[in-house]
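> structure for this input, please:
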Amino acid sequence: WGTDHAPEIDINSANRIRIIKGASGVRYGPEALGGAIIIESNPMYLNEPLSINTRTGFQTNGKGYFFSSELSKGGKYWAYHLGGTYTQIGDRHTPDYMLTNSGKKEIALNGGLRFSKGQFDASIYYSLIDQNLGILRTSIAESGASLIRALSSDVPIYERPFSYKIKEPNQRTRHHLAKAELNWYYSDEGSVNLKIGTQLNKRQEYDVRRDSDLPIIDLDLTTNDYQLEWKHPKYLNFKGTIGVQAFAQNNDNNPGTGTTPFIPNYNTNRYSAFIIEQFKKEKATYEIGLRYDIESNNVRGRETNQDIFRDQYSFNNITASVGLLKRIKESGTFRTNIGTAWRPPNMSE
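Residues are numbered from 1 along each chain as shown. I've put the predicted structure just below:
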């Protein structure tokens, strides 16, 4: 749907943030040449006592508050965690006036279960983020004259006393994420990793109109992701990872909005293969990463006059990165990297 419609992240569920730079970034897709930010939830350690962590906070602008709690425990072979966050923010304000209908309400839930024994380690994870986001009421202009009047005014034309209520225009989103991971550590340096993930994003946008209880946009986006990686033992002083990935995405417009869909129905399928290798010699580490992607798109929609259109197109290309990391004495390191990448247009483009 575009980066502005990307899934939200419950920051209270983040346990660790990793920054991936260099050739290793090719494993995260054709857009990650500059690196990737990996946000990880509770690691579910084994042999850990019962732990309960609770946080709360308040902000003056919008009289916003949140409450978050997480429970976790690890046994000999099993570990689990449960967490949730509730956030409520009312109308924000500037020093001189209210920003009517700029509030936010969010409920986030997450949980995970891990089993580890011998050479095998398996885990499952689920998260839900349910949001209702207000859109500044005075940003809606019914005509060209009202738009000019709004831009010329020193204060919002539509202004009401502070409230936690969210009315039209607003956006309601719900993100379901479920994933499973299986690791097989068949040797001290070799392992096989399988990740399976599925995500359902539901999005409804409401506008100021006669049938305001009906959304003007009602979308379901379903994504499935499968990735298999082999971390091979050192061979001829090379150490690295080889992997394949399958990605499938389906967007559906739900009927009943009374409007022409802004984003059409579409199916995207991408198949990828990548290799990342490191070669160490004295104080220098050489990196190389290669990735090949094949993507196909099938699109169906309606023009504003309700004529049906269809289109099908595909892309394929290589992403490559070569880098050097060298230690300079004990006080610093030198890193350089050169790469080439490509990005197919997303559907909103």
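
> what ranges of the stretch 51-200 of the chain fall below the confidence cut-off?
For the stretch 51-200 of the chain, no stretch has pLDDT under 70.

> going along the chain, name the helices of it.
Applying DSSP state H, counting those that start in this stretch to the stretch 51-200 of the chain gives helices spanning 144-152.

> quick check: pLDDT value at residue 277.
On the pLDDT scale, residue 277 is placed at 95.

> now it: how far from residue 158?
In this view, residue 277 and residue 158 are 59 Å apart by Cβ to Cβ, to the nearest Å. The C-beta positions use only the backbone N, C-alpha and C, and glycine is treated the same way.

> with neighbour numbers in mind, choose between the two.
Set residue 277 next to residue 158 and count neighbours by other Cβ atoms under 10 Å: residue 277 wins out with 17 against 14.

> what's near enough to touch that one?
By Cβ atoms under 8 Å, 6 or more residues apart in numbering, the contact set of residue 277 is 23, 238, 239, 240, 287, 288, 289.

> the residues you listed in strands, which ones?
Among these, the residues falling in strands (DSSP state E) are 238, 239, 240, 287, 288, 289.

> how about these in a markdown table, adding pLDDT?
Output for those, formatted as a markdown table (pLDDT from 0 to 100):
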| residue | pLDDT |
| --- | --- |
| 238 | 90 |
| 239 | 91 |
| 240 | 94 |
| 287 | 92 |
| 288 | 94 |
| 289 | 92 |
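
> hmm, back to that, PyMOL command to pick out the buried ones of the contacts of residue 277?
Command for PyMOL that selects the buried part of these, burial taken from 16 or more other Cβ atoms under 10 Å:
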select buried, resi 23+239+240+287+288+289
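
> secondary structure element for residue 223?
For residue 223, the host element (DSSP states H and E) is strand 217-235.

> just the buried residues of that strand, please?
For strand 217-235, by 16+ other Cβ under 10 Å, it's 217, 218, 219, 221, 222, 223, 225, 227, 229, 231, 232.

> what's the closest of those residues to residue 47?
Nearest to residue 47 out of those is residue 231 (Cβ to Cβ; 25.0 Å).

> check contacts around that closest one.
Contacts for residue 231 were tallied using Cβ under 8 Å, 6+ apart; they are 189, 190, 191, 192, 193, 240, 241.

> give me that answer again for 6 Å
Neighbour list for residue 231: 191, 241 [criterion: Cβ atoms under 6 Å, 6 or more residues apart in numbering].

> and it, bridged to which residues?
Following DSSP bridges, residue 231 is listed with bridge partners residue 191, residue 241.

> and for residue 325, the neighbour number?
18.

> partner residues bridging it?
Beta-bridge partners for residue 325, by DSSP bridges, are residue 285, residue 335.

> would you confirm that it contacts residue 335?
Yes - checked against Cβ atoms under 6 Å, the pair residue 325 and residue 335 is within contact range at 5.0 Å.

> on that earlier part again, using JSON lines, lay out the ones in strands among the contacts of residue 277 together with distance to residue 299.
Formatted as JSON lines, the ones in strands among the contacts of residue 277 follow (distance: Cβ to Cβ, whole Å):
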{"residue": "238", "distance to residue 299": "42"}
{"residue": "239", "distance to residue 299": "42"}
{"residue": "240", "distance to residue 299": "37"}
{"residue": "287", "distance to residue 299": "38"}
{"residue": "288", "distance to residue 299": "36"}
{"residue": "289", "distance to residue 299": "31"}
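
> quick check, nearest of those residues to residue 37?
Among the ones in strands among the contacts of residue 277, and counting by Cβ to Cβ, the member closest to residue 37 is residue 289, at 17.4 Å.

> partner residues bridging that closest one?
Under the criterion used (DSSP bridges), residue 289 bridges to residue 276, residue 321.

> from here on, count from 6
Yes, from this point I'll number from 6; that puts the last item at residue 294.

> which residues are in contact with it?
By Cβ under 6 Å, 6+ apart, the residues touching residue 294 are 28, 31, 281, 326.

> do the same with residue 139
Residues in contact with residue 139 (Cβ under 6 Å, 6+ apart) are 106, 107, 108, 171, 175.

> ok, back up a step: send me the strand holding residue 228 as PDB with only the CA atoms.
The C-alpha coordinates for strand 222-240 follow below in PDB (Å, rounded to 0.1, in the frame of the first residue of the first chain):
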ATOM      1  CA  ILE A 222     -11.700   2.800   1.300                       C
ATOM      2  CA  ASP A 223     -11.900  -0.700   2.600                       C
ATOM      3  CA  LEU A 224      -8.900  -2.900   2.000                       C
ATOM      4  CA  ASP A 225      -7.600  -6.300   3.000                       C
ATOM      5  CA  LEU A 226      -3.900  -7.000   2.300                       C
ATOM      6  CA  THR A 227      -2.700 -10.600   2.900                       C
ATOM      7  CA  THR A 228       1.100 -11.300   2.700                       C
ATOM      8  CA  ASN A 229       2.800 -14.700   3.000                       C
ATOM      9  CA  ASP A 230       6.600 -15.000   3.300                       C
ATOM     10  CA  TYR A 231       8.800 -18.200   3.200                       C
ATOM     11  CA  GLN A 232      12.500 -18.100   3.700                       C
ATOM     12  CA  LEU A 233      15.100 -21.000   3.900                       C
ATOM     13  CA  GLU A 234      18.700 -20.300   4.800                       C
ATOM     14  CA  TRP A 235      21.800 -22.400   5.100                       C
ATOM     15  CA  LYS A 236      24.600 -21.100   7.200                       C
ATOM     16  CA  HIS A 237      27.500 -23.300   5.900                       C
ATOM     17  CA  PRO A 238      30.700 -24.100   7.800                       C
ATOM     18  CA  LYS A 239      33.900 -22.400   6.900                       C
ATOM     19  CA  TYR A 240      35.200 -23.600   3.500                       C
END
